[in-house]
Each structure stands twice: as structure tokens, then as C-alpha cells.
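Novice: Build me a model:
(chains A and B)
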Number of protein chains: 2
Amino acid sequence: MDTSPQPFPTPSEQPAHVDLNLPPEFAAHVPPDAVPHPAACPPLRWGIVGPGGIAHKFARNVREGTGCEVTAVGSRDQARAEAFAAQHGLAVAVEGYGELVTREEVDAVYIATPHSAHREAALLAIEAGKHVLIEKAFTRNAAEAREVVAAARAASVFCMEAMWSRFLPHQVVARHLVRSGLLGELVEVVADHGQALTHVPRLLDPALAGGALLDLGVYPISFIVSMLGEPLAVDALGHRSESGVDAISVSNLSYPGAIGVGTTTLLASTPTRAFVAGREGCLEFDSRFYEPGGLTATLGEQVVRWEGTPTLGGFEFQVAEVAHGVAAGQTESAVLPLHETVVVMEVMDAVRRALGARFPGE
Amino acid sequence: MDTSPQPFPTPSEQPAHVDLNLPPEFAAHVPPDAVPHPAACPPLRWGIVGPGGIAHKFARNVREGTGCEVTAVGSRDQARAEAFAAQHGLAVAVEGYGELVTREEVDAVYIATPHSAHREAALLAIEAGKHVLIEKAFTRNAAEAREVVAAARAASVFCMEAMWSRFLPHQVVARHLVRSGLLGELVEVVADHGQALTHVPRLLDPALAGGALLDLGVYPISFIVSMLGEPLAVDALGHRSESGVDAISVSNLSYPGAIGVGTTTLLASTPTRAFVAGREGCLEFDSRFYEPGGLTATLGEQVVRWEGTPTLGGFEFQVAEVAHGVAAGQTESAVLPLHETVVVMEVMDAVRRALGARFPGE
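Specialist: I've put the predicted structure just below:
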């Protein structure tokens, strides 16, 4: 199957749901409307805060893959905002987050700054009554996450962590398979994400909330929490960089009758696989598990393979989730509730504590 | 490449070493004589203690793949010994371990009883002046392992744990690649071994030294130790079965600047993969990593694939190691020294302690 990026049909031809083309063994456990077609999502006007690399992907995915549009961008540097706006055909480019979040052309704000600035930008947007999608890691730590969540709830705006992987078709399918009981009672959820990134100064800088966990480890940990929920306890082992951020770690999450194990590092590129093992079967994700890909289920002697489904960049699914939620008058996602985002931050806090890796002011 | 079992050439045609047919990127780091051809090993007459499933594989692999022969078998049950001898064409079938180890037709004893009987059988064989190859796990715990090692050293017999995987061509190649520095400084070694085996009563029985660790977890832990050596510290998380043996665990091994992570369970079948990640590259083993298979190295943007080499059953390589060691007058293997076997037992003791999983009398 061709899984390379390809343009979606134009909106008038949109089916309401993605045709997953599942093998029968999977289809029996997944509702046909499991993945809303992102190109058919309700309209929503987005403003972007922080015009970095990830914001470029976001803008492309919104334009090419959803029913939404990006209308505005804000940066601490006006020239950078203008360059971004020119590249993506946006009408509004402003200097300063406060200016962006108050623009009338903006319904929802996508926060793509370094982690260390998430809290401030999110609180500004929420105060302005805007819905917010906040790049993972959501904030620097759980205390900041709780503050943002409380503000969003008080303002009755939609608020979500931009953990895009959770909305990808193969992860949606995987959760349906697991929850249907296909794998039996869960025993182990193991996930890994390592990339050799020591050439990126931000990642080694405690002042910018650097470290492997908040950029990479957040994927395995969120994956484990999506499968097993809130852990009873967290333990960890690892090493800090010379600059003091977490550089290598294994996170051990304890559950009744099961364990979750997440490995991450910014010193080495690793296979980035994940699996969910239950008493009746095992589901393995292709590398890289957090990007669109396929699944292999081993059920006793039977092996069932699904190649996945064509996607655009992958961000279109999380954007559609926000657009649907806002249109329905919700304030958070049922797929990625704010409670789970706080749990993920608490786990990462615990792992950093075990490693002695603190950010300034913590 | 065809990696299915196939008969070796007859001894007169044996090359001295296995032709590994490595890609040039690997061959530059592996000596051409890295793997002695097992069919060309010196002769050694083997007696088997404990005619179970693994002993059948051992007898076949010795006969079809090495220069050695199996001459005798001993069991607590004479009828079982005789049935085994008849099946494999052995001249001698005796009742009792003490009777087997004193037979004149036996130079070396392969101990394939349940773990709980390893110590006793090994001490008997060593006392009789016989060389010993002891199935993994070597003993129930490190204290018993030290006792066996001390006895073997005092008697100047060759003694080795039957961790057959360590002698397989792909694991030999992997160690050469790692030690050559191809992957740079090591960061993470991660390995997994889970099988759904709750239908096997022995594995759930503390009196027989059951549990996932001693049967399955010993593979990931020995693999980590083969790559990173003796850990500075060990921590673990997991759950016991209702019968009290370790059923699910993750073992965290700490090293200067690196970590080793091993997962194991007897409740679920898992992908059984392993990888070694360094600052310059990552080496991933095919599933199942502990059986003959291939390797994939990712070195920056370059991916190098090696399919592995044809093997028979896989046990022929460890048998050849013993035969070469005995012929050279050695008393332990340089590839799997007794110190490392004791370290592996110490790690497993620490993991069981963390889980509260004890054997009777411990």
C-alpha cells in the first residue's frame, strides 16, 4: 500500500470518515467511523504562536488536509512572523504573543514556542477567550500544566495538548483493538524514542526546559498512559547531560498486574518501536511508532498485518479533533483529556526527580 | 538468503571457520576467523543429565553439527533415560545423576535438569572430574553459582553456562561491531523476552525455581551484560504470580553514561527484540534476538543490513566452544567467563528481591 503523503480530495467530495481498509480480524473490533476524515472537519480560524519548524508543518497540514485555515502568526520577532506569513499566505503577522491572541481573525491558538514559554502563551490566549492547542510537552512540569488546565476550564475554552500521534489512524485502531479485549488482559506496554540531537542547543539548555523527556520521552510515556491509564507509581533510571538536563532514561510505570516501560535519549538514535502485550496476543507498531505506520498483531500462532492508511503530514488529525470539539461546544478532547496530559507531566516530573534533573526555579 | 537449518558438510570437508558473508561495512570490523566452524571442533564425549525437551535438541545438534558425540544419558527415571538413548542411538542409559557422571564414556556433562537441580548435578559431575556445561539459568541464585564456580575451579575442570545465544554468529558479529567502536560510545542496550507460558507448571512453581527471569529474562540480562559488562546498580519493577514467582518484570541496569533495560514475562508473548544504541549508530537484532537471525545497523543516514548465516539448531556453537576450551586446557570460556555468569545471577537475584519473589530456603 502506498502510504506516502498525498493530497486529500477537495472538500465537496469528502467522505465523513477515513476508509481504514482493515483486515477482517481488525475490522471486527473497530467501528467504521473510528477516524473522522480531517478534510471534512468544521472550519476554525487558527493563529500560530512561535513560527519554528513545527509551525511550518502545522500550517501546511491545516491548509492541505483540514477544513480549517491559518489566519495569523505571532512571534517575538516581527520579521520572522512576516516571513512565515508570506510563506503560508497568511493575512496577519504580528509581534508579540499578546498581540496575536487578541486578534479578531483568530478562534484558536496553536502554541509552538519552546516548552519554557508554553505556560505564558497559553494563559494569554485563554485570557483572551481563545481555544488553545499546546505543543507537547504541554508545559515544563505538572504544576504549570495544572495552572493552564484550571485557567482553560475557568474560561470554558477548548484546551488540548498537541500530542498528534494519539489521533493518527493506526493509534486509534490500536486503542480499539486493545479495548475490545483482542489482546486479553494487558501485561506490558513498552515504547522507545531516541534521537541523536546533541547538536540542538535548545535541547541541552535547562532554561529552555531541554532534555530528552519533554521532546522525545513524552511520546512513549503518553503512549503508555493511553493504553494503561494513570500509573500507581513511577520509578526511573538514567543520566543527565553535563548541562544538567535528562539525557538517557528509562521510565518504569507500575499498574495492577501490568507494567509500562518507556526508554528515551537525546544521545543516540534508537529503533523507536512500541508494543502492547496481553495474555492473548501482542500488537507491535512499526518504527517509528509515533508517526503514521502499520501494525502487526500476533494472536497465538496467527499473525495479522495492517499496513496503515495514507495520511498527509499527520497533524491534520489533531487539528480536526479540536475543530470537532469546538463545534460541539466541548472544552476538552475525549481522546486526550486534560487529566491525561497532567498525568503525563506528573510522570515526567517523577522521572526528572529520579535523575536530579531540574529546570531553573523548580 | 536461506537461513533454514541445513546439514553441515561432512567433517573431512569442514572449513575451519564459518563464512559469514558480511556486508563490507561489517566485514571491516570483524576478523574472518571470528566464528570457528562447529563441525570442525575437537572431539569430546558428552553425557546428558536430564532427558527433557532441551536435551533432545542438544543431542541432535551435537550429532549433526559438531565433531563431538553424545555417549550417555542419565535420568531419575530409568525408562526415560532408555527411551532417550534409543531415540538418539546412545550406548549408555543410566538411572541417577551420580551414576551418569562417573561413567568412563563421558568427558563432559551437559546438565539439562530443572534449575532447582543444577547445583547438585553440577557438583556431582565436577567431583567426578568431568567438564560441565550447565543450562541457563546456571543455578537458582548467585550463592549457588559461586559454589559451583568455586568447585569447578578447585577441580580444574572446564565449566560454562549454556547461554547458547552468545556463541551464535550474529551475536559474535554484533560484539565485534560494538567493540570496534562502530556505534560510538554506548548509550542504551535494550532487550526483551516474553512468552505466554502459564500452561507450563514448572514455570509457576517456586520449588522448581520457576518464574520468567530464570527461563526467559536470563536472555535479555545476559545480552546486556555481554555488551556493557557488570552494572554499577540494579533496580526493577514487576509483579509476581499467585504462586509467588516473578511473572512480569523490567530490569534496569545502571552503567557509567549508559543504561541497560531488560523486560520479561511468562504471561504474554512479546516481540523479543534487542538493540544496542551508541552515539554514532544503532544495531538492531531481528526478532527473536536470542535465536539465529539478522542484524540491521543504522549509522547516521546509512542503513546496513545483514541477513545472518545458515545455522543448524544453534546449540552446535556452544558445544564447539566447550570442545575447543577443553582441548586447549582451559577451564572457562573467554566469551562467557564464569564471572559474567555470576554477575547475571546477581542481577536476577536483585530483580527477584525487588519483586519479593523468593525460592524455598532463600
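Novice: quick one: the helices in the stretch 51-200 of chain A?
Specialist: Assigned helices in the stretch 51-200 of chain A, in chain order: A:53-65, A:78-88, A:97-101, A:118-127, A:142-155, A:169-179 (criterion: DSSP state H, counting those that start in this stretch).
Novice: Pipe those into a markdown table and attach distance to B:R140, mean neighbour count and mean pLDDT per row.
Specialist: Just so you know, the C-beta spots here come from the backbone N, C-alpha and C atoms, and that holds for glycine as well. Shown next, in a markdown table, are the helices of the stretch 51-200 of chain A (distance: least, CB to CB, whole Å; neighbours: other CB atoms under 10 Å in any protein chain shown; pLDDT from 0 to 100):
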| stretch | distance to B:R140 | mean neighbour count | mean pLDDT |
| --- | --- | --- | --- |
| helix A:53-65 | 53 | 19 | 97 |
| helix A:78-88 | 65 | 17 | 98 |
| helix A:97-101 | 62 | 22 | 95 |
| helix A:118-127 | 52 | 23 | 98 |
| helix A:142-155 | 43 | 18 | 98 |
| helix A:169-179 | 36 | 21 | 98 |
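Novice: Nearest to B:V70, out of those helices?
Specialist: For the helices of the stretch 51-200 of chain A, proximity to B:V70 was assessed by CB to CB; helix A:169-179 is nearest, at 46.8 Å.
Novice: Other residues contacting the longest helix along chain A?
Specialist: Secondary structure of chain A per DSSP state H: the longest helix is helix A:338-355. Contact with helix A:338-355 is made by A:137-139, A:141-142, A:144-146, A:149, A:152-153, A:159-161, A:163, A:211, A:213-214, A:217-218, A:221-222, A:225-226, A:230-231, A:234-240, A:246, A:249, A:251, A:253, A:332, A:358, as judged by CB atoms under 8 Å, 6 or more residues apart in numbering or on different chains.
Novice: buried stuff in stretch A:270-290?
Specialist: A:270-279, A:281-290 (16 or more other CB atoms under 10 Å in any protein chain shown).
Novice: and chain B, which of these reach it?
Specialist: Applying CB under 8 Å from any CB of the partner chain to these, one finds that A:T270, A:P271, A:R273, A:F275, A:A277, A:G278, A:R279, A:G281, A:C282, A:E284 fall near chain B.
Novice: sorry, back to before: buried members of the contacts of helix A:338-355 into PyMOL, please.
Specialist: A single PyMOL command selects the buried members of those (16+ other CB under 10 Å):
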select buried, chain A and resi 137+138+139+141+142+144+145+146+149+152+159+160+161+163+211+213+214+217+218+221+222+225+226+231+234+235+236+237+238+239+240+246+249+251+253+332
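Novice: I'd guessed A:R358 sits against A:V245; true?
Specialist: No: at 9.5 Å, A:R358 does not count as touching A:V245 under the criterion of CB atoms under 8 Å.
Novice: Common neighbours of those two, please.
Specialist: Common neighbours of A:R358 and A:V245 (criterion: CB under 8 Å, 6+ apart): A:P206.
Novice: how much does the longest helix of chain A deviate in direction from helix A:142-155?
Specialist: Put simply, helix A:338-355 runs at 160 degrees to helix A:142-155, going by axes from the mean of the first three to the mean of the last three CA atoms, to 10 degrees.
Novice: wait, A:T311 sits on A:Q171?
Specialist: No: under the contact definition of CB under 8 Å, A:T311 does not touch A:Q171, with a separation of 11.4 Å.
Novice: Please report how far A:A328 lies from A:W46.
Specialist: Going from A:A328 to A:W46 by CB to CB, to the nearest Å gives 18 Å.
Novice: Compare the two (neighbour count), which wins?
Specialist: Taking neighbours as other CB atoms under 10 Å in any protein chain shown, A:A328 and A:W46 compare with A:W46 leading, 27 against 9.
Novice: What residues are bridge-paired with that one?
Specialist: A:V70, A:A108 (DSSP bridges).
Novice: Pull the contacting residues for it.
Specialist: If a contact means CB under 8 Å, 6+ apart, then A:W46 has A:V62, A:C68, A:E69, A:V70, A:T71, A:A72, A:V106, A:D107, A:A108, A:V109, A:Y110, A:V319 as its contacts.
Novice: about what we covered before: pull out the buried residues from the longest helix of chain A.
Specialist: Buried residues in helix A:338-355, counted by 16+ other CB under 10 Å: A:338, A:340-352, A:354-355.
Novice: Widest-spaced pair of those residues?
Specialist: Among the buried residues of helix A:338-355, A:L338 and A:L355 lie farthest apart (CB to CB), at 26.1 Å.
Novice: Is stretch A:195-207 in proximity to chain B?
Specialist: Yes: legend: contact between stretch A:195-207 and chain B by CB under 8 Å from any CB is shown at A:A196.
Novice: Distance from the chain centre to that stretch, please.
Specialist: 20 Å (CA atoms, centre = their mean, to the nearest Å).
Novice: Over to stretch A:35-52?
Specialist: Offset of stretch A:35-52 from its chain centre (CA atoms, centre = their mean): 14 Å.
Novice: How about that stretch, which residues are buried there?
Specialist: A:35-41, A:44, A:46-52.
Novice: Alongside chain B, which residues does chain A contribute?
Specialist: A:187-188, A:190, A:192, A:194, A:196, A:235, A:237-239, A:248-250, A:252, A:254, A:257-259, A:261, A:263, A:265, A:267-271, A:273, A:275, A:277-279, A:281-282, A:284, A:298.
Novice: Just the CA trace of stretch A:136-144, in PDB.
Specialist: Only the C-alpha atoms of stretch A:136-144 are listed here, as PDB (Å, rounded to 0.1, in the frame of the first residue of the first chain):
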ATOM      1  CA  LYS A 136       3.900  18.700  23.800                       C
ATOM      2  CA  ALA A 137       5.400  18.700  26.300                       C
ATOM      3  CA  PHE A 138       2.300  20.700  27.400                       C
ATOM      4  CA  THR A 139       4.300  22.700  30.000                       C
ATOM      5  CA  ARG A 140       7.600  22.400  31.800                       C
ATOM      6  CA  ASN A 141       6.100  20.400  34.700                       C
ATOM      7  CA  ALA A 142       2.800  19.300  36.200                       C
ATOM      8  CA  ALA A 143       2.300  22.400  38.400                       C
ATOM      9  CA  GLU A 144       2.300  24.600  35.300                       C
END
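Novice: check contacts around A:E82.
Specialist: Counting by CB under 8 Å, 6+ apart, A:E82 touches A:A93.
Novice: one more time with 10 Å, if that's ok
Specialist: Counting by CB atoms under 10 Å, 6 or more residues apart in numbering or on different chains, A:E82 touches A:P51, A:V73, A:S75, A:L90, A:A93, A:V94, A:E95.
Novice: hang on, the earlier thing: adding distance to B:L203, write the helices of the stretch 51-200 of chain A out as JSON lines.
Specialist: JSON lines is the format used below for the helices of the stretch 51-200 of chain A (distance: least, CB to CB, whole Å):
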{"stretch": "helix A:53-65", "distance to B:L203": "48"}
{"stretch": "helix A:78-88", "distance to B:L203": "59"}
{"stretch": "helix A:97-101", "distance to B:L203": "59"}
{"stretch": "helix A:118-127", "distance to B:L203": "48"}
{"stretch": "helix A:142-155", "distance to B:L203": "40"}
{"stretch": "helix A:169-179", "distance to B:L203": "26"}
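Novice: Sweet, I'm off.
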